[in-house]
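No sequence on hand, only this structure:
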């Protein structure tokens with residue numbers, strides 16, 4: 001298994017960090033991106049366009065999680081969805097998920 005990935009945090013606060021994760025790959029080495037949480041809807045679509053060769057068959061999983069927030073610490077991951085993809089070079093795919101808050 002190869003670690004080719006990123007973490008997207010639905011907050012523009014640069015101080016937030018994930019302290020507990022349930023992803024197959026470790027967070028060390030992942031690139032962290034932040035975005036405005038107002039972009040999330042109940043029904044969401046992730047479009048992967050013109051996918052470039054990653055050297056591992058362009059396949060993987062996108063894990064969508066909710067976390068408990070304590071100060072600037074994100075912990076206790078709560079699974080929203082795991083989206084699996086596989087495609088060839090230059091191909092496109094669209095993955096959808098429903099976003100619900102499942103953590104107390």
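Sure, I can see it. Bear in mind that the values here come from a model prediction, so they are computed numbers and not experimental data.

all strands of the protein, in order?
6-9, 17-18, 31-34, 43-48, 59-70, 73-86, 93-98 (DSSP state E).

do you know which of those lies nearest residue 24?
Residue 24 lies closest to strand 59-70 among those, at 7.2 Å (CB to CB). Where C-beta positions appear, they are placed from N, C-alpha and C, glycine not excepted.

hang on, isn't residue 45 packed against residue 95?
Yes. With contact defined as CB atoms under 8 Å, residue 45 reaches residue 95; the gap is 7.4 Å.

higher neighbour count, the two?
More crowded of residue 45 and residue 95, by other CB atoms under 10 Å: residue 95, with 15 against 9.

wait, doesn't that one sit right on residue 82?
No. Between residue 95 and residue 82 there is no contact under CB under 8 Å: 10.3 Å.

what sits in contact with each of those two?
Common contacts of residue 95 and residue 82 (CB atoms under 8 Å, 6 or more residues apart in numbering): residue 62.

What is the neighbour count of residue 60?
Residue 60: 19 neighbours (other CB under 10 Å).

From what I see, it and residue 82 are in contact.
No. Using CB under 8 Å, residue 60 is not in contact with residue 82; the gap is 10.4 Å.

what sits against residue 62?
46, 82, 83, 85, 95.

What distance do you get for the first one to residue 8?
Okay, so that is residue 46. Separation of residue 46 from residue 8 (CB to CB, to the nearest Å): 10 Å.
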